[in-house]
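Chemist: Need a 3D model of the sequence below.
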Amino acid sequence: MVSGESAHEFGALNTLLLVVILGLCIISAYLIKQNSFYYLPESAAAIVVGMVVGGLARLVYPSAEELSFLTFEPELFFFLLLPPIIFEAGYSLKKKDFFANFWTISIYAVFGTIVSTFVIGYLVYWTGLTGLINIDSTSPMESLVFGSLISAVDPVATLSIMGNPELNCDTLLYSLVFGESVLNDAVAIVLFKTFISFYESGAQFSGKTVLTILLNFSLVSLGSVFIGVVTGLSCSYLCKHTALKQYPEYEISLLFLFAYGSYSLSEAANFSGIMSLFFCGIFLSHYNSHNLSATSQVTAHNIFKSLAVLSEYFVFLYIGMGLFTGTLLKQVNFLFFFLCMVFCLIARVANIFPLSFLANLCRRQKIPIKMQVVMWFAGLRGAIAFALSQNMPREHRGIYVSTTLMIVIFTTVVCGGLTEPMMTSMGMRTGKNDSLDVREGDGDTHYSTRSIVGGIVSAFSRLFNRFPSRAVDHVGDYEIARMTDAEDDGHSSFVAVSSPPPKSLLQRFDEDYMNPIFGGPEGDDAHRGDPTDEVAELSHHGH
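Modeler: Next up, the predicted model:
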């Protein structure tokens, strides 16, 4: 009975500790926003707070039980903290921007991650061959496993820095970096699982391995998207054809359950829960947001956003505390850390600039070189890489885990802190009315995101259509005459034309068949955007 009471008291005190330090993170974020001090991003502030707490715990109360409580747990991260962040990102996504750049994002996420994995993997393997670092030098498989996990560009870190509304990040830049980070994680996880399975089986790396990896990735991606879409449409159908809007608490509860259901089902089927949850959020936002009551529309947005913020702070707190709560600090090899940082920068150069060149061959709105430099610099590593490192081969796990943790802290604190000056110097910050936005209320001209399929059509048209120097874009309910300015780094100017564009076949299918079944704007409401965009805009102006 005494031990039970002691355990209860231990849990209560540590819960109070977490509440207090989370409160400190929120106060720190508030002070950063109020004083526009972006040299220390909110995510970096949370890491610093975690490092202070972990250091004090190590000095004041270094019991095994206490240090274990403050240690990063991968399963806690993947199944409790990560889902709210990814779902909120998909639910509040600017869908037009994402799907208009979908093919470019896919190039970065798929081929960029593969290039990064092999560049980092073989450079790390070279350090083993030369005897600089004590790692497996008999085969490149162990190094490729590490290359795949460290190539994960974390959406948590990206969202917490570039997604900050006060930074007014260029819309195209944010769409490319955020889209790459979300899809890149799925690719990195698949590559990691594939390489680790080959390593454990003792199979030799060959050309067939590459084909197996690509086939496995394709199947995982299709299966993940399918699960996310079906789950989102199922929830939308249920809310559309019932009277659930009379009970807002049931509406929001079902959104939670369907969201977690898509994530856990995908993970149970050995697919990518991140990708499933992301697309589930997109489809719920597009269809089901119109089925919700006015109360639930506002409440759901604020609840999802609040949970995502708290989850982000938890993640970065545990990363900071992890530096002191385990034995990782003793296992850090600073030469290996420095070399891996250089390798990561080289790998970003090897995939961002060549792939941007290829993408620009098919793009009407070119990706300027200054934007490519910011994208190269913004390759932030985060908790996903650190969580995957816990599953590295046991013999050299210590050096890989400690190096990954150091890279995550360095890129988030140092590179994240320099992101705002880099964006400013490269002209990647826009004024409130300087860029074309897909949400209403940001300027004198209003645009709306009518449907996801419209963005997909736009993505296909960019590949297969030829455009004159003065082309016409269809954005929402408007035609946008694009006048290319050769002297403006590839940026284009837009002139609104009053006549609405003709609807494509997929748009008509979406409005005539999908909306009546699953929800969406109908009749006079067809000219409105998603309620989630309107609620997000109101929240943004409320700040």
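Chemist: just the strands in the chain please.
Modeler: Along the chain, the stretches classed as strands by DSSP state E are 470-475, 478-484, 492-497.
Chemist: Run the chain-centre distance for stretch 111-120.
Modeler: 18 Å (C-alpha atoms, centre = their mean, to the nearest Å).
Chemist: brain fart, stretch 358-370
Modeler: 22 Å.
Chemist: Just the buried residues of that stretch, please?
Modeler: By neighbour count on 16 or more other C-beta atoms under 10 Å, the buried set for stretch 358-370 is Ala359, Asn360, Arg363, Arg364, Gln365, Lys366, Ile367, Pro368, Lys370. All C-beta atoms are positioned from the backbone trio N, CA, C, and that covers glycine.
Chemist: and if you look at stretch 130-150?
Modeler: Here stretch 130-150 shows 133, 135-137, 139-150 as buried, counting by 16+ other C-beta under 10 Å.
Chemist: do the same with stretch 214-234
Modeler: Judged by neighbour count (16+ other C-beta under 10 Å), stretch 214-234 contains these buried residues: 216-217, 220-221, 223-225, 227-234.
Chemist: again with stretch 414-421
Modeler: Going by neighbour count (16+ other C-beta under 10 Å), the buried part of stretch 414-421 is Cys415, Gly416, Gly417, Thr419, Glu420.
Chemist: isn't the first one right next to Phe377, touching?
Modeler: Yes. At 6.5 Å, Cys415 and Phe377 qualify as touching, with contact defined as C-beta atoms under 8 Å.
Chemist: With distance to Glu251 and pLDDT added, can I get the buried residues of stretch 414-421 in a markdown table?
Modeler: A markdown table is the format used below for those (distance: C-beta to C-beta, whole Å; pLDDT from 0 to 100):
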| residue | distance to Glu251 | pLDDT |
| --- | --- | --- |
| Cys415 | 40 | 84 |
| Gly416 | 36 | 82 |
| Gly417 | 40 | 82 |
| Thr419 | 37 | 81 |
| Glu420 | 38 | 80 |
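Chemist: Identify those among these that sit within helices.
Modeler: Mapping those onto helices (DSSP state H) picks out Gly416, Gly417, Thr419, Glu420.
Chemist: Distance from stretch 230-242 to the middle of the chain?
Modeler: On C-alpha atoms, centre = their mean, the centre of stretch 230-242 falls 25 Å from the chain's centre.
Chemist: Please apply the same query to stretch 210-219.
Modeler: That offset, for stretch 210-219, works out to 22 Å (C-alpha atoms, centre = their mean).
Chemist: just stretch 189-207 next, same as before
Modeler: Distance of stretch 189-207 from the chain centroid (C-alpha atoms, centre = their mean) equals 25 Å.
Chemist: how about that stretch: buried residues?
Modeler: For stretch 189-207, burial by neighbour count (16+ other C-beta under 10 Å) applies to Ile189, Val190, Leu191, Phe192, Lys193, Thr194, Phe195, Ile196, Phe198, Tyr199.
Chemist: and of these, the nearest to Ala12?
Modeler: Ile189 (36.0 Å; C-beta to C-beta).
Chemist: contacting residues for the closest one?
Modeler: Residues near Ile189 by C-beta atoms under 8 Å, 6 or more residues apart in numbering: Ala152, Ser272, Ile274, Ile384, Leu388.
Chemist: mind giving me TSV with those residues and columns for neighbour count, pLDDT and distance to Phe334?
Modeler: As requested, the contacts of Ile189 are exported to TSV (neighbours: other C-beta atoms under 10 Å; pLDDT from 0 to 100; distance: C-beta to C-beta, whole Å):
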residue	neighbour count	pLDDT	distance to Phe334
Ala152	29	85	22
Ser272	28	84	34
Ile274	29	85	32
Ile384	28	83	24
Leu388	26	87	22
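Chemist: Show me which of the residues you listed is closest to Phe258.
Modeler: Nearest to Phe258 among the contacts of Ile189, with distances taken as C-beta to C-beta, is Ile274, at 16.2 Å.
Chemist: my guess is the closest one meets Asn184, correct?
Modeler: No. Taking contacts as C-beta under 8 Å, Ile274 lies outside contact range of Asn184: 9.9 Å.
Chemist: I would like the residues contacting stretch 190-203, please.
Modeler: Against stretch 190-203 from outside (C-beta under 8 Å, 6+ apart): 113-114, 117, 139, 141-142, 144-145, 148-149, 151, 205, 209, 212-213, 216-217, 220, 272, 388, 391, 393.
Chemist: should've said stretch 120-133
Modeler: With C-beta under 8 Å, 6+ apart as the test, stretch 120-133 has contacts from 134-137, 140, 143-148, 150-151, 333, 335-336, 339-340, 343-344, 346-347, 399.
Chemist: chain center to stretch 41-61: distance?
Modeler: That offset, for stretch 41-61, works out to 24 Å (C-alpha atoms, centre = their mean).
Chemist: what comes up buried for it?
Modeler: 41-51, 53-55, 57-58.
Chemist: got the contact list for it?
Modeler: For stretch 41-61, contacts defined as C-beta under 8 Å, 6+ apart pick out 17, 21, 24-25, 28-29, 32, 40, 66-67, 70, 156-157, 160-161, 164, 312-313, 316-325, 409, 412-413, 416-417, 419.
Chemist: Please consider this matter closed, and thank you.
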